[in-house]
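# Structural data only, the sequence is not supplied:
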């Protein structure tokens, strides 16, 4: 898996970087199919909506480390990372989060955190 920091570039430049790193080429003479996909980055509200939970529960679970932010969008003026949630990661952890909707047990939360980390390979 390659991790690339993306900031202040256009979509075309991003695609060029991905092609450089992965070696994928979109040429008609190549018989193999090249796939370049987009990563859908979600805001807090959209991520909560994708998980089918309220934003307050989303904030609670996110603060407990159950919904990790996995995409770096760049840096703000203070030099801090701007982090968001990738849709494909949110979809992967949705069954785990759905089990926690009506649960208040801290032991269940810690077990769920371990499941999420192993599922997302963090």
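Right, received. Where do you want to start? Treat the numbers as computed from the prediction; the structure is a model and nothing was measured.

# How about residue 42, nearest residue that isn't a chain neighbour?
residue 85 (4.7 Å; C-beta to C-beta, 6 or more residues apart in numbering). Every C-beta, even on glycine, is put in place using the N, C-alpha and C of the backbone.

# tell me the secondary structure for the one you found?
strand (DSSP: H, G, I helix; E, B strand; the rest coil).

# Pull the contacting residues for it.
Residue 85 makes contacts with 41, 42, 44, 47, 67, 69, 70, 71, as judged by C-beta atoms under 8 Å, 6 or more residues apart in numbering.

# any chance of the residues you listed in a markdown table, plus pLDDT?
Formatted as a markdown table, the contacts of residue 85 follow (pLDDT from 0 to 100):
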| residue | pLDDT |
| --- | --- |
| 41 | 82 |
| 42 | 83 |
| 44 | 86 |
| 47 | 88 |
| 67 | 87 |
| 69 | 83 |
| 70 | 80 |
| 71 | 80 |
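
# can you pick the most crowded of those residues?
When neighbours are counted by other C-beta atoms under 10 Å, residue 67 leads these with 26 neighbours.
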